[in-house]
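*Asks:* one predicted model, sequence on top.
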Amino acid sequence: MTGPILIFDSGVGGLSVVAALRCRLPKAALAYVCDDAMLPYGTKNDDWLVARIVAVCEAAVRASHACSLVVACNTASTLALDALRERLAIPVVGTVPAIKPAAQLSRSRHLALMATSATVNRPYTQALIDDFAADCQVLRLAADPLVEEAEHLLAGKTIDRRVVADCLAPLWENAEVDTVVLGCTHFPLLRDALEAAARYPLTWVDSGDAIARRVAQVVATSATFDGPGPAWVTGAEGRLVTALATYGFATPRQLDVPLPGWQTASAPYDLPTFH
């Protein structure tokens, strides 16, 4: 297939993955879609989220004629990868917290996982720890407020440094932690602020490069980059114009997601759920 590689996230977090993709595949055409109307994902019902993610991604694949889909969202990946692979005829690459490389890098064998509440508490995350960091102490930090701070940053607003400091505060209770997994694709966008707020040097690890390597392995062909890539949003088109342009995308268009009645996470819906 010769369409673009489509990157999907609930918001701007996927742009951290875009940066890694552009480094590894500089000539590949990229498209972007974010379900910002339903941000944040981490606080919503699992069954609702799976059906919502499938519907948004199907609509975006149709609109973009994508050759592959990158689910640049840990919450969406831990919930909906199987459903997406069942429904889509193109390769689907997911995102998981970088537990394995973090365990390889840590000298103290004390790690911290910063992620959304959904990712921190997911059985899938525990399985990663059991498989790749069984000899480590892993501190889990639910840092949902950082998602909004990353959104603010790329919307041209000022980061609330107090929020960043509060999210990091539990780290200082264990001075042996030397490596922090940024388990949400929003968080690498705040890397400078996180480093500035840290009380001592830490190794920060995210999944961006690993995702880019995997995409390079599974995508046989792709359209060639020839200018700003297309982008779609489900919320306000104007909010993310500058952020998307910074990462090489055109002014976003509204994505038509045929979901009558889906106005809130508790609204009824007709699509099937997946487990």
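*Replies:* Now that the structure is in, tell me what you want to look at.
*Asks:* which ones are touching the nearest residue to residue 128 once chain neighbours are set aside?
*Replies:* For residue 128, ignoring the flanking residues on the chain, the nearest one in space by CB to CB, 6 or more residues apart in numbering is residue 99 at 4.4 Å. Heads up, the C-betas are built off the backbone N, CA and C, glycines and all. By CB atoms under 8 Å, 6 or more residues apart in numbering, residue 99 lies in contact with 111, 113, 125, 128-129, 132-133, 138, 181.
*Asks:* please redo it, this time with the cut-off set to 7 Å
*Replies:* By CB atoms under 7 Å, 6 or more residues apart in numbering, the contact list for residue 99 reads 128-129, 132-133, 181.
*Asks:* distance of it from residue 243?
*Replies:* The gap separating residue 99 from residue 243 is 28 Å, by CB to CB, to the nearest Å.
*Asks:* angles on the backbone of residue 110, please.
*Replies:* phi -120, psi 120 (degrees, to the nearest 10).
*Asks:* list the contacts for it?
*Replies:* Residue 110 touches 136-137, 174, 176-178, counting by CB under 7 Å, 6+ apart.
*Asks:* out of these, which are buried?
*Replies:* Neighbour counting by 16 or more other CB atoms under 10 Å classes 136, 177-178 among those as buried.
*Asks:* what's near enough to touch residue 27?
*Replies:* By CB under 7 Å, 6+ apart, the residues touching residue 27 are 224-225.
*Asks:* okay, residue 71: pLDDT?
*Replies:* Looking at residue 71, its pLDDT is 97.
*Asks:* same thing with residue 274?
*Replies:* Per-residue pLDDT puts residue 274 at 33.
*Asks:* and for residue 37?
*Replies:* On pLDDT, residue 37 comes in at 89.
*Asks:* swap in residue 157?
*Replies:* 89.
*Asks:* mind splitting this protein into its structural domains?
*Replies:* 5-95+210-254, 99-206 (automatic domain parsing).
*Asks:* centre of the chain to the last one, how far?
*Replies:* Relative to the centre of its chain, domain 99-206 is centred 14 Å away, using CA atoms, centre = their mean, to the nearest Å.
*Asks:* now do the end-to-end distance for it.
*Replies:* 9 Å (CA to CA, to the nearest Å).
*Asks:* quick one: the helices in the stretch 51-200 of the chain?
*Replies:* Ranges of helices in the stretch 51-200 of the chain, per DSSP state H, counting those that start in this stretch, are 74-87, 99-105, 117-120, 123-132, 145-154, 161-168, 191-197.
*Asks:* lowest-confidence stretch among the ones you listed?
*Replies:* Among the helices of the stretch 51-200 of the chain, helix 117-120 carries the lowest mean pLDDT (a mean of 86).
*Asks:* hmm, who's touching it?
*Replies:* Identification of contacts with helix 117-120 by CB under 7 Å, 6+ apart yields 41-43, 74-75, 78, 97, 113, 125, 140, 142, 144, 183-184.
*Asks:* try it again with 6 Å
*Replies:* 42, 74-75, 125, 140, 142, 144, 183 (CB atoms under 6 Å, 6 or more residues apart in numbering).
*Asks:* same check on stretch 236-255?
*Replies:* 12, 15, 18, 32, 59, 154-156, 228-234.
*Asks:* cutoff 8 Å now
*Replies:* Residues from elsewhere that reach stretch 236-255, judged by CB under 8 Å, 6+ apart: 12, 15, 18-19, 22, 30-34, 36, 56, 59-60, 63, 154-156, 225, 228-234.
*Asks:* any chance of the backbone angles for the most centrally placed residue in the chain?
*Replies:* With distances taken as CA atoms, centre = their mean, the residue of the chain nearest its centroid is residue 73 (2.6 Å). Dihedral angles phi and psi of residue 73 (degrees, to the nearest 10) take the values phi -150, psi 120.
*Asks:* verify the stated contact: it with residue 187.
*Replies:* No - using CB atoms under 8 Å, residue 73 makes no contact with residue 187, being 11.9 Å away.
*Asks:* good, wrapping up.
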